[in-house]
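Chemist: How does the following fold in three dimensions:
(4 chains)
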Amino acid sequence: MTVVAWIPMLPLLGFLVLIATPLFSDRPLPPKLVAAIGVGSVGLAAILTAFLAATQFAGNPAAELNLSLWQWFSVDGLQLDFGFHLDWLTLVMLSVVTGVGFLIHLYSTGYMRDDAGYQRYFAYLNLFVCAMLLLVLADNLVLLYLGWEGVGLCSYLLIGFWYRDPANGAAARKAFVVTRIGDTAMVIGLFLLFTEFATLDIGELISALSTVQANDPRVTLAALLLLGGAVGKSAQLPLQTWLPDAMAGPTPVSALIHAATMVTAGVYLIARMHPLFALSDMAMSAVAIVGALTLLLAGCSALVQSDIKRVLAYSTISQIGYMFLALGVGAWSGAIFHLMTHAFFKALLFLAAGSVILGLHHEQDIFRMGGLRRKIPFTFFCFLIGCACLAALPFTSGFYSKDRILLSAWDFYHGFNGIWLAGVLGALVTGFYSFRLLFLVFFGREGEASSHCRDANNTAMVLPLGMLAVLALLGGLLAPPLQSVFGAAGAGHPPLWVEAIAVAAPLAGIAMAWWACLYNDPARGEQSALGRFWYSGWGFDRLYDTLLVKPFTTLARLNRNDVIDRLYSGTAAASRQLHGLVSVSQNGQVRWYIATLAVGTVLFLALLVVL
Amino acid sequence: MGTISFYLTATVAILSTAMVIFNRNAVHALLYLVVSLLAVAVIFYQYGAPFAAALEVIVYAGAIMVLMVFVIMILNQGAAAVEQESRWLQPRSWTGPAILSAVLLVQLVVLLGSDGAITAGTPGTIGPREVGIALFSQYVLAVELASMLLLAGLVGAFHLARQRHADSGEVEGAD
Amino acid sequence: MTLLAIIAVLFLGGILAWLSEHWKDGASRWVALLSLLLAIALLGRYADHTGIATATGSAPLWWDSLQLNWIPRFGITFFLALDGLGFLLLALTLAMGLFGLIATWRDVGFRRGFFYFNYLWTLAGVAGVFTAMDLFLFFFFWEVMLVPMLLLIAVWGYEQRIPAAIKFFIFTQASSLLMLIAIVALVYLHYSASGQLTFNYRELLAARLPPATSYWLMLGFFVAFAVKLPALPLHTWLPDAHTQAPTAGSILLAAILLKTGAYGLLRFTLPLFPESSLAFAPVAMSIGAASVVYGAVMSFAQRDMKRLVAYSSVSHMGFVLLGLYALNAIAIQGAVMQMIAHGLSTAALFALVGALQHRLHTRDMGELGGLWGNLPRLSAIALFFAVASLGLPGLGNFIAEFLVLAGSFASSRWITAVAATGLVGAALYALLMMQRVFFGGERSPHQNSGPPADLAPRESAALLSLAVLLVFLGLRPQGVFDTAGPAVADALQHIDATVAGTPDRYGAPPGDTGAVADAADSRWPPSNPERGISP
Amino acid sequence: MPIESIPALHTGLSLAAVLFCLGLAGLLVRRNIIFMLMCVEICTNAAALAFVVAGAHWSDADGQVMFVFVITLAAAEVAIALALVLQFYRRRYTVDIDQLNALRG
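Modeler: Sure, this is the predicted structure:
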């Protein structure tokens, strides 16, 4: 079954070729070749995935594949293979990563056409795809962690891709470090799991868990630590602050990494380890609460943003909050379904936003846009579809997945509950901000930047946009058969008004958006104190800055010369002082020595005389 | 008679020694030193040590002092040196040492006097014969060592005093 | 005899290099290169031993040994021996020696012959340290490696070289004095107890000492090794010495000399004083964790790029200390891996800083910036090693840190949790370095001299080979574990025997497979192969 | 000379003490190396005197034996010292001991 091995191998090879050639020759590869390698490797991986799905999985909901490439290490009970595990969950992720990844690669060939770092860009992007594939294919948590950190690194590299601007570097570092904080919690969780269950193989862990009682504190702790990792990677509360800043990277990167794939790794992790979470009520509630809170907080922040990409970034945080909410109420397949549809429509939205940005010569302020509907109609339609999906208008893909989540939330707590309410409120807010964005950019008066708008789409960009639009619209029909992984979910039948509210909430949000943006002065809400507070992302950045970053950097700077070294230099100085004290007597004067000798004798004899 | 001559010689010794340390002219001081040594030689004789007295005169007052005379002559200490000495010999430069020495002297004398209960010895003359026997029986090893010391002194003095052409004020390694 | 030959080749090569520079300019480095290659070829004769020991199970511990009488009156023998651990470290020594030589091929401007003499003698001393199995001989080599290193810093170093060299010397010399006292006391106590006067390591392993004495002797060894390591309060020589040493010297220091401390702890302190080590382990682990965190924070605060890398060494070697005193096979294997991986990654970083200094004549990160534009190759390779330094999975450093932490987690959860925050710290300083030096706007300090030249093929090849090695260690580390396995098990066997002998003193009795929860309470989990914590 | 006329022990020792203290005072007062050497000779001589007096008191040859050694020592010392003085004078053209302070700590 080496086909599986080739799926991550191909992007890796692409990366190696792209990164190695400049090391050995001074001439860069021709851009066409770079694009062929970069896009081709991911495209081939996508084809292999499709082939795999067609031959092994189609019509077989229980299909599973295991492949051990080699023994990674085996030290005294800690045995790990470099091995892959394929089931429907993995396959969904594989398809999303390779499929959406391929489309975004293709789009990038157009978007990044004139960039000096073309080759570097595709090298990073290929490495990212490889790491992401390893993450989802891993059959043990350490290999998963390898992919996990690998995607983090690529995210760092791509956020800081335009390295000349220090702000980009700061955003990239922030992204890496904040996620690393979560990762550290996660790796401690791995140690805990290993200490308790003597294995880190996911399959073995899950079978070991079957003997553990529910709500065992060790399980709860391990689950919470893994949640820490997931929260960091998926930009959930309280580690969400990095994602809005991460928009400093090129827009296709935001689409691929910070919307479609990497940020959903946390969702994947929890879904993959769902037996662990399911064992602990506390962990489940924690996941649900984190999701619900993030959903609302990020949604509110998205309401008042002025940067087109930041709106989408907060929207991503909010949507992943939905997925966490779903995980927290045990709707595993719902979460993964939403992950998939979200990948489609959010990638679409980002790519469309990229077209807008490129068309407006790198203008990102939505208040300087407006009325672009007629100038770039294709982009507009793509954006419209994306917004409709995001707002979960009926019969779009977002509708199916979000609906399932809300129903599960209702079911899980057997009736009305705060989590469900948060979900519904979130739907309302989502409708509001998504259409606020659409109205501000494409409707209304022409903004200052709109006048010199051009249609920047070329073939390489149109094709992915179109395909993603189709996927976003029809993705709701592609609900993957995940029962073999998660077990069959009992279909609840909530009252009709519950379903009605779920459908009506986004529509209400759209109406509010229309009222706020087209009927009233759009900028008014942003001026209020609450608006500014939301604009700053609920002040989390400032809070962390004062509580953590400032004290740390101040402490570090204060101690730059190493206070411990003072101990030793102090010892040295003290002995030098002492030496100075004593060496005064050693003045080189022979007569002085004689006199001292005489005085000494006198004193000594005085002792004799007196005693 | 013996007592008087002892005190007379002792006075001569002390006075001439005092003249050595207060004199400004090196040659004069040296002559006073010779006088002092001769006086001490007389005291040796009075204490029944004629051999020591003879050695004192021959070796000390004779050989060693001649050596010093030669060096003073080489150094050519003339009137300028006398001038310099009188500049150096200010009262304030010798009050301290004088007090120090006086205190030491008092202490020594007190200590000598405190041992009043020294058992009476059997004083008597000790001639060269006894000394020679003691030297070459009991102390033969010490004699050998002393001879080596003299040899070392000889070689060392030769080496140190040699006038080297490379001498230019800087420290140089041994040859 | 091959062992002796390896050491002799290095010693003689050093002398020859010194002499050859008189005959022909630049001949010394060729001599150095040849003697290193010869030594590597000699070491290569042992390559077929790797991994076999675990396969047969009962293979003799020493792959090769050589015992000659030296000072029979005091029971001192010339006893060299090689096992898996020694082989790994010896291979690291020679490989890093070769790397340092090639990476700084043209850097030495004056007194080249003497430079390579010192370089090879340091290597010879280290090679001796890794193979000497007689405590006196060990101490002898321990001192031999010190003096040439001192000269390397003091003669070819940078602006503050003399104070740095003196500091280095005083720290190591004072601590090795403690070790000497401990060695002599150990031998004497063994002699008065058994009537046998010997410095032989394997015979001294049987020495039975009163606990209090043993504790003090253990501290004597520990301090000497902790200075070399360096562990927290004794680390301050390292930033100065590393910063001021010439590039090749920094490479030797970081890649090899620091490892002698860790090696000494594993080879001597733990097996010779199992009981005291067990009692001391919580302290040592705390020191290790504190070093990890403190080193990372200090590294973050530095302006001088070389100091940054130097402090990162403190942080990384903290993991080694933590792992060694976790006293279980996983953590110790991790520590061994960390020695190797840290050697590779830090040596490369020092070489890169050296390359930058050579081109731009500054290491001040305030003056650097935006180098990626002009030096893409150097920057890309620096990125790789910075990332290796922050412990990215897939590279050797990650395997090492992961195993150390996984193993020590079983011994002490909180200390491990504290040490794990060092992972965040590592990200902070490594990325800050990347940002300040390679990213950002271009700020070349010497604009008038044109853009600096990117890495030459020689430098690229040397650095890339290290990169490949690190990737290999990250993906296929099992060879290292198999090779070091018997030696680690041997060291642990004494500890475990002590644990088994005094079950009431150290938590649960052995064989108590009962409660998983016990592990939380008993700091020193007993042998329990089922749970895989300790052999 | 009749034996009874040998002066008392402590008289001779006191004389030795006086001479020694004079020598010491000279040593402290004078800056000229030549004079200092002479004062050293005075001190040595005083010590020798003490030996001889004590030897005479006990009617023992050892006192004079020690005197012989002292005189040997004095001879060697003077030889070396004068050679040093010569060298010093050649290098510095002075006999001031205070100029000779290169061993300052």
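
Chemist: Just the helices from chain D, written as ranges.
Modeler: Here chain D has its helices, by DSSP state H, at D:9-29, D:33-58, D:62-92.

Chemist: so does the longest one get close to chain A?
Modeler: Just to be clear, that refers to helix D:62-92. No - Helix D:62-92 does not reach chain A (CB under 8 Å from any CB of the partner chain); its nearest approach is 11.6 Å. C-beta coordinates here come from the backbone N, C-alpha and C atoms, glycine included.

Chemist: With the first one instead?
Modeler: Yes - figure legend: helix D:9-29 in contact with chain A (CB under 8 Å from any CB); contacting residues D:24, D:27-28.

Chemist: May I have the secondary structure class of A:Leu243?
Modeler: Here A:Leu243 is recorded as helix under DSSP: H, G, I helix; E, B strand; the rest coil.

Chemist: quick one, phi psi at the closest residue to it other than its chain neighbours?
Modeler: Nearest non-adjacent residue to A:Leu243, counting by CB to CB, 6 or more residues apart in numbering or on different chains: A:Ala235, 3.8 Å away. The phi/psi pair for A:Ala235 (degrees, to the nearest 10) reads phi 50, psi 50.

Chemist: how near is A:Ala235 to chain B?
Modeler: To chain B, A:Ala235 is 76 Å away according to CB to the nearest CB, to the nearest Å.

Chemist: Dump the helices of chain D to JSON lines, plus mean pLDDT and distance to A:Val329.
Modeler: JSON lines is the format used below for these (pLDDT from 0 to 100; distance: least, CB to CB, whole Å):
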{"stretch": "helix D:9-29", "mean pLDDT": "89", "distance to A:Val329": "102"}
{"stretch": "helix D:33-58", "mean pLDDT": "90", "distance to A:Val329": "105"}
{"stretch": "helix D:62-92", "mean pLDDT": "89", "distance to A:Val329": "100"}
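
Chemist: Nearest to C:Gly441, out of the ones you listed?
Modeler: Using CB to CB as the measure, helix D:62-92 is the one of the helices of chain D that comes nearest C:Gly441, at 64.4 Å.

Chemist: who touches A:Ala5 in this structure?
Modeler: For A:Ala5, the contacting residues are A:67, A:69, A:84, by CB atoms under 8 Å, 6 or more residues apart in numbering or on different chains.

Chemist: from those, which is closest to chain B?
Modeler: A:Leu69 (72.2 Å; CB to the nearest CB).

Chemist: That closest one sits in which helix or strand?
Modeler: strand A:65-75 (DSSP states H and E).

Chemist: Does anything pack onto that strand? Which helices or strands?
Modeler: helix A:2-24, strand A:78-86, helix C:329-360, helix C:396-411, helix C:478-501 (3 or more CB pairs under 8 Å, 6 or more residues apart in numbering or on different chains; DSSP states H and E).

Chemist: Buried residues in whatever helix or strand comes next after the fourth one, which are they?
Modeler: Reading on from helix C:396-411 to the C-terminus, the next helix or strand found by DSSP H and E is helix C:413-433. Across helix C:413-433, burial judged by 16 or more other CB atoms under 10 Å in any protein chain shown covers C:413, C:415-433.

Chemist: Could you list which of those residues also contact chain A?
Modeler: When CB under 8 Å from any CB is applied, the members of the buried residues of helix C:413-433 adjacent to chain A are C:413, C:416-417, C:420-421, C:423-424, C:427-428, C:431-432.

Chemist: ok, the residues you listed vs chain D, which is closest?
Modeler: Chain D lies nearest to C:Leu432 out of those, by CB to the nearest CB, at 47.7 Å.

Chemist: Give me every residue in chain B lying close to chain A.
Modeler: Applying CB under 8 Å from any CB, we find that chain B lies next to chain A at B:96-97, B:100-101, B:103-104, B:107-108, B:110-111, B:114.

Chemist: can you redo these as a markdown table with pLDDT?
Modeler: Below are those laid out as a markdown table (pLDDT from 0 to 100):
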| residue | pLDDT |
| --- | --- |
| B:Gly96 | 81 |
| B:Pro97 | 81 |
| B:Leu100 | 85 |
| B:Ser101 | 85 |
| B:Val103 | 87 |
| B:Leu104 | 86 |
| B:Gln107 | 84 |
| B:Leu108 | 83 |
| B:Val110 | 82 |
| B:Leu111 | 79 |
| B:Ser114 | 68 |
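
Chemist: Relative to chain A, which of those is nearest.
Modeler: Comparing the residues of chain B next to chain A against chain A with CB to the nearest CB places B:Gln107 closest, at 4.3 Å.

Chemist: OK, contacts around the closest one?
Modeler: For B:Gln107, the contact set (CB under 8 Å, 6+ apart) comprises A:602, A:605-606, A:608-609.

Chemist: change it to 6 Å
Modeler: Contacts were defined as CB atoms under 6 Å, 6 or more residues apart in numbering or on different chains; by that measure B:Gln107 touches A:605, A:609.

Chemist: What of A:Ile594?
Modeler: A:Ile594 makes contact with D:Leu27, according to CB under 6 Å, 6+ apart.

Chemist: three-state assignment of C:Trp62?
Modeler: Secondary structure state of C:Trp62, per three-state DSSP, is coil.

Chemist: ok, how many other residues are close to it?
Modeler: Neighbour count of C:Trp62, defined by other CB atoms under 10 Å in any protein chain shown: 16.

Chemist: I'd say it and C:Ala81 touch.
Modeler: Yes - assessed by CB atoms under 6 Å, C:Trp62 is found in contact with C:Ala81 at 4.5 Å.

Chemist: circling back to that earlier point, between the residues of helix D:9-29 next to chain A, which is closest to D:Ala48?
Modeler: Nearest to D:Ala48 out of the residues of helix D:9-29 next to chain A is D:Leu24 (CB to CB; 15.4 Å).

Chemist: Can you tell me the closest non-neighbouring residue to A:Glu446?
Modeler: A:Gly371 (4.1 Å).
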